[in-house]
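# take a look and give me a structure for this.
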Amino acid sequence: MVWKSKKSFSTFRSKSLNDVSADELQTIRQMRYEELQKIKTQLREQDQQWQDDLAKWKSRRRSHTSDLQRKKEEREEIERRSSESSERRSKTLREMQRDR
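Residues are numbered from 1 along each chain as shown. As a prediction, this is how the structure comes out:
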């Protein structure tokens, strides 16, 4: 688009800080400040949610690990008992009759 006059050019350009009144500038600053505060609040909430999720994950992981450890100990105890019982030799019928 070709600008025909200086006046029409100035109506299309953006405002510079000189064109903005003190009240408008204060309003713009206040809006920016409020927006930044909203963003900070959202970031804090997201961080807190992430920390909560991490804590839950760690708790589930510890619980699962302790369950696995308990099952391993139970299995080892069963294996130990079965190996002890298999070490005892079974008596034959004659040996049992003789012991009577």
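# can you check the pLDDT for Val2?
Per-residue confidence for Val2 comes out at a pLDDT of 48.
# over to the one 4 residues further on?
As summarised for this prediction, Lys6 has a pLDDT of 49.
# neighbours of Ala22, how many?
When neighbours are counted by other CB atoms under 10 Å, Ala22 registers 7. (C-beta placed from N, C-alpha, C; glycine too.)
# correction: Arg94
Neighbourhood size, Arg94 [other CB under 10 Å]: 8.
# can you tell me the SS state at it?
Here Arg94 is recorded as helix under DSSP: H, G, I helix; E, B strand; the rest coil.
# just the CA coordinates of stretch 24-38, formatted as PDB?
What follows is stretch 24-38 as a C-alpha-only set of coordinates in PDB (Å, rounded to 0.1, in the frame of the first residue of the first chain):
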ATOM      1  CA  GLU A  24      -2.700   4.400  29.700                       C
ATOM      2  CA  LEU A  25       0.800   3.500  30.400                       C
ATOM      3  CA  GLN A  26       0.000   2.700  34.000                       C
ATOM      4  CA  THR A  27      -3.000   0.600  32.900                       C
ATOM      5  CA  ILE A  28      -0.800  -1.300  30.400                       C
ATOM      6  CA  ARG A  29       1.800  -1.900  33.200                       C
ATOM      7  CA  GLN A  30      -0.900  -3.100  35.600                       C
ATOM      8  CA  MET A  31      -2.300  -5.500  33.000                       C
ATOM      9  CA  ARG A  32       1.200  -6.900  32.300                       C
ATOM     10  CA  TYR A  33       1.900  -7.200  36.000                       C
ATOM     11  CA  GLU A  34      -1.400  -9.100  36.500                       C
ATOM     12  CA  GLU A  35      -0.700 -11.400  33.600                       C
ATOM     13  CA  LEU A  36       2.800 -12.100  34.900                       C
ATOM     14  CA  GLN A  37       1.300 -12.900  38.300                       C
ATOM     15  CA  LYS A  38      -1.200 -15.400  36.700                       C
END
